[in-house]
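A.B. asks: Following is a predicted model, sequence given first.
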Amino acid sequence: MRFKIPGILIVFTVLFAPGSAWAHHSPSAIFDMNKKFTLTGTLTQVDWINPHIVVAMEAKKDDGSVETWKFESNPPSWFRRVGVARDNFAKAIGQTVTVEGVRAKNGVLYGYLLKITFPDGNSLELVFPSEPKAP
Amino acid sequence: MTHRFVFVAAAALMLSGLAAADKKTGVATSKVARAADGHPDLSGTWAYAIDLPPVALKQQVNGSVAIKTIDQSARQPAKKPVPGALPYTPAPSYKPEFQAKVKNLSDNESKLDEVFYCGKPGVPRIGTPRRIIQLPGEMVFLYEDISGDPYRIIPTDGRAHRAGANPSYYGDSVGHWEGNTLVVDVTNFVEGSWFGEEGYFHTDAMRVTERLWRDGENLVWQATVDDPKVLTAPWTMSPRVVKPSDDPLEESPRCVEDDGNRLLNSDHHQQR
């Protein structure tokens, strides 16, 4: 099963809420923020570019065919200031990673990366300031 | 006799207070670091001041979890009164005949704003420099920006603006000192830039005055925009207080805006 829908991602709206100090576009203009999905596949590319980093991965569908997905995420200058460099991602190129994100509304294989888990179990995750605590 | 002593003591206190303050700005001067030429020392590396997502990183490494946050204070209006700051207002005042245009530009920012598509923000939108190099008769401002890493060389030796220079996003700058404040006069802008994300367009008549001074260990920056062709009065922005930084400058990655074709509506929020 390629997708899991763990529930409504209320907190994602915080990232780009009106009044937020950042967000060069509102993700509601691109992404379906109500559903988060998880995708496991092979990391193939890491573009350390402005205004968003972009990672690409190849994931097998249930019928065995391969899809190429791209995920954008926060800008390089944000990652730099939380101590993450391109190499933190790029060292896993060619390996299996798991990405949690939200998908583009227009149906293309494109999403916003919220969490990535590397083969060694280490992970990077965006955390929102008012994330509700689990009950 | 007692009265005379009190008067003399009070006068002495007042005089010492005056001597320790900049007459023009009221900024305390006694603790201001100074360059060799006697002017306040603005040189150094200053905090990154471009808007970033207000999000923390949860990083898990070998079973241990760390939460890392970012400091965006340099990009935000000062939260308390800043000594030496000019009175300011939250938004510029456009002449009535231009107000609809400003609203339309703002509503369609994600389509019409060059900055959305990796364009140069220009002055004053880029905000505070990441590094200042202070030389006798000259200041050098270095920036890190999503659009690239511009620099500005600002003469402070009394020369006039360059004649015949091409208009540009960062304009033509000359600076001078008013007490402890560096005042930078910027003219000769291209017309394509906005001076704020909310559709703040301008004409070739725009003139920007930046003021920079020290408040203790911090740098303060405040800008005033004037464009008599479209504004009813000069607009002074809120001051920004920037902390010193030990984060070295690094070349900004190239900018490739690829989201424009995915946008399904015009929603947008501040970037810079």
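C.D. replies: It's in.

A.B. asks: What score does B:A74 have for pLDDT?
C.D. replies: Per-residue pLDDT puts B:A74 at 86.

A.B. asks: how about it, secondary structure?
C.D. replies: For B:A74, the assignment made with DSSP: H, G, I helix; E, B strand; the rest coil gives helix.

A.B. asks: right, and it touches B:P239 too?
C.D. replies: No: assessed by CB atoms under 8 Å, B:A74 is found out of contact with B:P239, at 11.4 Å. Heads up, the C-betas are built off the backbone N, CA and C, glycines and all.

A.B. asks: what ranges do the strands span in the chain?
C.D. replies: Defaulting to chain A. A:37-47, A:54-60, A:66-72, A:96-103, A:110-117, A:123-127 (DSSP state E).

A.B. asks: meant chain B actually
C.D. replies: Counting by DSSP E, the strands of chain B are B:44-45, B:56-61, B:64-68, B:131-135, B:138-142, B:151-155, B:172-178, B:181-187, B:207-215, B:218-226, B:235-236, B:240-242.

A.B. asks: Using CSV, please lay out these together with mean pLDDT.
C.D. replies: Below are the strands of chain B laid out as CSV (pLDDT from 0 to 100):
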stretch, mean pLDDT
strand B:44-45, 98
strand B:56-61, 96
strand B:64-68, 96
strand B:131-135, 98
strand B:138-142, 98
strand B:151-155, 98
strand B:172-178, 98
strand B:181-187, 98
strand B:207-215, 98
strand B:218-226, 97
strand B:235-236, 98
strand B:240-242, 95
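
A.B. asks: could you dump the ones you listed to TSV with distance to chain A and mean neighbour count?
C.D. replies: TSV is the format used below for the strands of chain B (distance: least, CB to the nearest CB, whole Å; neighbours: other CB atoms under 10 Å in any protein chain shown):
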stretch	distance to chain A	mean neighbour count
strand B:44-45	14	18
strand B:56-61	4	17
strand B:64-68	4	11
strand B:131-135	15	17
strand B:138-142	15	18
strand B:151-155	18	16
strand B:172-178	25	17
strand B:181-187	25	20
strand B:207-215	21	22
strand B:218-226	17	21
strand B:235-236	20	20
strand B:240-242	13	23
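
A.B. asks: Show me the one of those that comes nearest A:L109.
C.D. replies: If you check each of those against A:L109 by CB to CB, strand B:56-61 wins as the nearest, at 25.4 Å.

A.B. asks: B:K120 and B:G171 touch, don't they?
C.D. replies: No: using CB under 8 Å, B:K120 is not in contact with B:G171; the gap is 11.2 Å.

A.B. asks: who's more crowded, these two?
C.D. replies: More crowded of B:K120 and B:G171, by other CB atoms under 10 Å in any protein chain shown: B:G171, with 23 against 20.

A.B. asks: how far away is the more buried one from A:T117?
C.D. replies: 47 Å (CB to CB, to the nearest Å).

A.B. asks: same check, this time on B:G127
C.D. replies: From B:G127 to A:T117 the distance is 36 Å (CB to CB).

A.B. asks: got any ranges where the stretch 1-150 of chain B has weak pLDDT?
C.D. replies: Applying pLDDT under 70 to the stretch 1-150 of chain B picks out residues B:1-30.

A.B. asks: For it, list the residues in contact with chain A, please.
C.D. replies: B:48, B:50-63, B:67-70, B:72, B:75-76, B:110, B:116, B:118, B:144, B:146-147 (CB under 8 Å from any CB of the partner chain).

A.B. asks: related to what we said a few turns ago, tell me the most buried of the strands of chain A?
C.D. replies: Mean neighbour counts were taken over the strands of chain A using mean count of other CB atoms under 10 Å in any protein chain shown, and the top value, a mean of 22, falls to strand A:110-117.
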